[in-house]
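> only geometry, no sequence info:
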């Protein structure tokens, strides 16, 4: 049985409720009792896994200085951006908010939805109708601003998982830090969310053990230190991430386009290379499960949907979300992956750093909190 993320012990779903409660918003049930603040900044660094950061902390002296007071929390399963953003934004585990994979089946439509690109996707607010913590904070009178790349504004993923307040576009990390400081200095009660995704991009392209990843981490560390130093009295800073990453050698990848035995009986391959979700042809489930267990069971957990749900991998799964999950759920234990060059874009096939599975390099993320001064 695979190790299910310990959602009840505190994870990404608990970050925003705890921050919002620290702002004095009433009626909020939060896991962590953070010190009170008049304003708060929350930074999410895409791809900054806890254990990866600890190993490569020499590139991040400021973040390293926070480790003694920080926490190692779970992101969730699958450990991938759209799933984690759903958990971060709504305060719910994946099975409750329903964003359960990088690519998932749209029930009744016989097609996959890429929850990151949201191309030709359903109405985001219907696919994920639960209120976000940005919406709740704004409704309580907190001035909420989300800062990120311009193309995020109004995107399907943003509307599904991170809606609420207003959006400010800024390209470079320096510009986003400047915009954050400008916002919190101008408002007596503000919640500012800053997203940075380039560490994840560098890790995908060059590998998370590369010197390029280390250089990007150094740049992030400098800007986060500048942000912390520039915050006004009464403003706290919280830093977290959506998942970690592992480097997967090309020799450790199986391609379904060239493996008829593994591809047989599968109608759609969802999920992602580190955590495929297999949607089977009618009557093929038992054969697919047996074949995949025999072929990849040495380096992956292979489970029917019912077992994965029962094990708590997605947290408690709402009945309306069950069929979004693959008939067979696969999670890599070692540095392996399964791709499908009939479906995956060449850019995805070329990536070195991957994530999505249940390993300690992928699920745990850091939580650092710098309390407000002068409150």
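Happy to help now that I have it. These figures come from a predicted structure and were not determined experimentally.

> make it CA atoms for all contacts and neighbour counts henceforth
OK.

> Look up how far residue 91 lies from the residue nearest the centre of the chain.
Closest residue to the average C-alpha location of the chain: residue 84 at 2.9 Å, with Cα atoms, centre = their mean. Distance, residue 84 to residue 91, using Cα to Cα, to the nearest Å: 10 Å.

> circling back: now do the same for the residue nearest to the centre of the chain: helix, strand or coil?
helix (DSSP: H, G, I helix; E, B strand; the rest coil).

> contacting residues for it?
The contact partners of residue 84, taken as Cα atoms under 8 Å, 6 or more residues apart in numbering, are 12, 75, 76, 94, 242, 243.

> at 6 Å instead, please
residue 242 (Cα atoms under 6 Å, 6 or more residues apart in numbering).

> Check residue 36 too.
residue 22.

> hang on, it in a strand?
No - under the criterion used here (three-state DSSP), residue 36 is coil, not part of a strand.

> okay, the residue sitting furthest away from the middle of the chain: pLDDT?
Within the chain, the residue lying farthest from the chain centre (Cα atoms, centre = their mean) is residue 283, at 33.4 Å. Residue 283 carries a pLDDT score of 97 in this model.

> re the thing from before, distance of the residue nearest to the centre of the chain relative to residue 171?
22 Å.

> Then residue 255?
36 Å.

> Tell me which helix or strand residue 192 sits in.
Residue 192 is part of strand 190-196 when elements are defined by DSSP states H and E.

> before we move on, back to that, who touches the residue farthest from the centre of the chain in this structure?
Contacts of residue 283 by Cα under 6 Å, 6+ apart: none found.

> which SS class is it?
coil.

> buried set for the lengthiest helix in the chain?
Scanning the chain for the longest helix, with DSSP state H as the assignment, gives helix 211-230. For helix 211-230, burial by neighbour count (16 or more other Cα atoms under 10 Å) applies to 212-214, 216-218, 220-224, 226-228, 230.

> Residue 42 against residue 240, yeah?
No - with contact defined as Cα atoms under 6 Å, residue 42 does not count as touching residue 240 (7.8 Å).

> Pick out whichever of the two has more residues nearby.
Neighbour tally, residue 42 and residue 240, criterion other Cα atoms under 10 Å: the higher count belongs to residue 240, 27 against 22.

> In contact with the more buried one, which residues?
Applying Cα under 6 Å, 6+ apart, the residues near residue 240 are 44, 366, 367.

> Pull the number of nearby residues for residue 109.
7.

> any idea how far residue 121 is from it?
Distance of residue 109 to residue 121, computed by Cα to Cα: 11 Å.

> quick one: contacts for the residue lying closest to residue 280 once chain neighbours are set aside?
Spatial nearest neighbour of residue 280, chain neighbours left out: residue 266 (4.3 Å); criterion: Cα to Cα, 6 or more residues apart in numbering. Applying Cα under 6 Å, 6+ apart, we find residue 266 in contact with 279, 280, 281.

> who wins for most neighbours among those residues?
residue 279 (27 neighbours).

> tell me what the helix or strand hosting it is packed against?
Here residue 279, judged by DSSP H and E, is contained in strand 275-280. Strand 275-280 sits against strand 266-272, strand 328-332, with contacts defined as 3 or more Cα pairs under 6 Å, 6 or more residues apart in numbering; DSSP states H and E.

> Include distance to residue 354 and mean pLDDT when you put those strands into JSON lines, please.
Formatted as JSON lines, these follow (distance: least, Cα to Cα, whole Å; pLDDT from 0 to 100):
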{"stretch": "strand 266-272", "distance to residue 354": "9", "mean pLDDT": "97"}
{"stretch": "strand 328-332", "distance to residue 354": "11", "mean pLDDT": "98"}
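
> No further queries at this time; thank you.
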